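S.K.: Have a look; sequence and predicted model below, questions after that.
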Amino acid sequence: MITRKNFLIMGVTMFVLLFLFQFSQIMKESGNEYDVNNYAVDATLEREDAWQKSSPKEVLKKGGYVLYVGNGKSDIGKTVSWWCTYTKRELVVCQSVEDCPKDAWQKAEVLLLESSYVREKKEIETLTEMARRGGNLVFCDLPDAYEIKASRQWKELLGIRQVKEQRQEIQGVNLFSGFLLGGQGIYLPADEEEKQERQDLELNIPWYQTRIGCKTYIAGMLSDPTVKNEELPPLIWRASVGKGKVFAVNGDFMRDCTGIGMLNAILAEIKPYDLYPVVNAQCMGVANFPGLAAENSEKMKELYSRELPAVFRDIIWPGLYSDVEKSGAHLTCYLAPQFDYGDDKEPRKDQLIFYLRQLKEREAEAGLTLEYVSSGDLPRKMKADQSFFQNSGSQYRYGAAYIPSGGAAYSIEKLKDYAFFECIQTVASIYSAERPVVSYLDDKTTLQSITSTGISHTYKEDIRMKSLQTALGYSNIVLDMNQITWPEKEEDRWEIVSEKFSSQINTYWKAFEMFDQTSASECDRRIRNFLAMDYEDSREGDEIHVSIKDQNGDLWFILRTHGEEVISVQGGDFKKIETDAYLIRASQEKLTITCKPEDSLYYYLP
């Protein structure tokens, strides 16, 4: 039996607990300015502020440039141009070896070549002589195997002992550690299912056997166990020719953005140390989430026994954010007021407020999407969305937008005619080989390419991911929820998509946890600073001195060494990425990086 005293104590305790819970919630609600986007701030840099290459005449006088023999507008030529822009290297393009200014290679940091522009025997002999005298050459692709087999000059220049097979079927690819960041990658399917899902590399390649002393960075894998490792078909290797180094790329690695990181890795092999700027941004977003209208109700009730807003709120959001939180990401949700602008399902204001509160509490950002599924045109969507945002009374500033594949060509200026879109400063869009990975979309708006869907991760995509992390310290994962809202097959169910998304984001990106997690607007600021910055570096003894021009906030570099470790940084700080690789933050215009050998018996042999 409960006494009056105990009853009173229990009552007071329950009242206090109730008050505390309610009070904390009231304080949480009052302190949550859900209508404010802290990430979206006015940009101080525009396209005119971005670093620009100098004229060829000025470059040839200064030296230290990249000399490229090939078509500047080809796939390889665009890769070379983007790499030079990102690393702030001047570029000189020639149509043939004979067209190169006299002794230009001696002033060049490296000579890059497209093999189809080296046709004459005397040109090959000229290149061989350049290498013997200390020139560093990179063949971004190779001539046909039969041409190499028939030419003593080609074999001598490329370090090839013999052409074992003009075409050889390989089982997989081995990316050796120490070349790209992220460690070794063995791309060999364990079973038929993995082969179907992930194997998309070229498996029919020429089989060259290189001379003793050549170093292989990527090799093909054979089913024949009797073939020694040093005899496996090389895909990227280095040969020593006299005082110079000649790199050969046997494959299509240089024909898209994968080549950017490959070139950084090659330069790190050429130089005693290599320091280059990076974006340092790991972005994660969800496109077309949340949807604010009860659309496709019949299908949603069939699959999830509830309408779309409840599916997003009760099923998807809790699981999605739990996965994201494990990765430490600053999530960006590109919300869709509605999908079908031909039905009578209108977006709801209370859903908008709910998600803006949720995102603010979790330090996430809301963006906008241009995707829709109805037969209407984009202007119809924009007018309907404009009306919804005006009537909602929300003052949230949307700084980022998601544009589906092919839509990035739509004039961003036309979109900014709509008031709710006028603050957009950065656009996320599916990566295309036709565009740079990060760049300006127009004079005031940046483009940050989406590098992963979060549910697909093939072998080629993994190599590309490691290459972009090597080159830019950048990735952008965006999961498109349109497939969940309008499913076409069994694999579009949320539980299946969620399992793939969770397993991938917490697996393949683990090696790059030292890079910063950013929202889309945070990444925008870093892209602008990265594209605008210029710098010079030099070395005296154990110290690397860096001078940054027109610094606008913190900047980041990757430093790659040979058997040396960074022990201090004046004017910034550092993190170790892996052996011989460091992430350097520059907070001042003058930077001094002090290194010491990890092993006093180690010497770098140039």
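M.R.: All right, it came through fine.
S.K.: ok, which stretches of the stretch 51-200 of the chain are helices?
M.R.: Per DSSP state H, counting those that start in this stretch, the stretch 51-200 of the chain carries helices over the ranges 56-62, 75-87, 104-107, 121-132, 145-149, 152-158, 192-198.
S.K.: ranking those by mean pLDDT, which is last?
M.R.: Here the lowest mean pLDDT among those goes to helix 56-62, at a mean of 81.
S.K.: which strands and helices sit next to that helix?
M.R.: When contacts are defined as 3 or more CB pairs under 8 Å, 6 or more residues apart in numbering; DSSP states H and E, helix 56-62 packs onto strand 91-94. (C-beta placed from N, C-alpha, C; glycine too.)
S.K.: ok, the strand it packs on: who's next to it in the sheet?
M.R.: strand 66-69 (parallel) (DSSP bridges).
S.K.: Is the spatially most central residue of the chain in a helix, a strand, or coil?
M.R.: Among the residues of the chain, the one closest to the centroid is S475, at 3.4 Å (CA atoms, centre = their mean). Here S475 is recorded as strand under DSSP: H, G, I helix; E, B strand; the rest coil.
S.K.: Bridge partners for it, pull those for me.
M.R.: Here S475 sits in beta bridges with Q282, as judged by DSSP bridges.
S.K.: need the contact list for it.
M.R.: 282-283, 451-452, 465, 468-469, 509, 512 (CB atoms under 8 Å, 6 or more residues apart in numbering).
S.K.: 7 Å - rerun?
M.R.: 282-283, 451-452, 465, 468-469, 509 (CB atoms under 7 Å, 6 or more residues apart in numbering).
S.K.: how long is stretch 186-197 end to end?
M.R.: 16 Å (CA to CA, to the nearest Å).
S.K.: scratch that, stretch 94-113 is what I was asking about
M.R.: 10 Å.
S.K.: Report the distance from that stretch to the chain centre.
M.R.: Chain-centre distance of stretch 94-113: 31 Å, with CA atoms, centre = their mean, to the nearest Å.
S.K.: One more: stretch 116-123?
M.R.: With CA atoms, centre = their mean, you get 35 Å for stretch 116-123.
S.K.: Now tell me what touches it from outside.
M.R.: Defining contact as CB under 7 Å, 6+ apart, one finds that stretch 116-123 is touched by 69-70, 95-98, 124, 127, 153.
S.K.: And stretch 339-347, by the same measure?
M.R.: With CB under 7 Å, 6+ apart as the criterion, stretch 339-347 contacts 291-295, 337-338, 372-376, 380-381, 384, 388, 485-486.
S.K.: From Q282, how far out is L468?
M.R.: 11 Å (CB to CB, to the nearest Å).
S.K.: hang on, the earlier thing: buried only: go through the contacts of stretch 339-347 for me.
M.R.: Taking 16 or more other CB atoms under 10 Å as the criterion, what is buried in these is 291-295, 337-338, 372-373, 381, 384, 388, 485.
S.K.: neighbour count winner among L468 and Q282?
M.R.: Each of L468 and Q282 has its neighbours counted (other CB atoms under 10 Å); L468 has more, 28 against 24.
S.K.: State whether that one is indeed within a helix.
M.R.: Yes - assigned with three-state DSSP, L468 falls within a helix.
S.K.: Would you check how far apart it and D323 are?
M.R.: Counting by CB to CB - L468 and D323 are separated by 22 Å.
S.K.: that older thread, out of the buried ones among the contacts of stretch 339-347, list just those in helices.
M.R.: Among these, the residues falling in helices (DSSP state H) are 381, 384, 388, 485.
S.K.: and which of those is nearest P318?
M.R.: Nearest to P318 among those is T485, at 17.6 Å by CB to CB.
S.K.: Distance check, that closest one against L335.
M.R.: For T485, the distance to L335 - CB to CB - is 12 Å.
S.K.: Dump the contacts of stretch 116-123 into a markdown table; add distance to I584 as well.
M.R.: Shown next, in a markdown table, are those (distance: CB to CB, whole Å):
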| residue | distance to I584 |
| --- | --- |
| V69 | 33 |
| G70 | 32 |
| Q95 | 38 |
| S96 | 39 |
| V97 | 37 |
| E98 | 41 |
| I124 | 40 |
| L127 | 35 |
| Q153 | 42 |
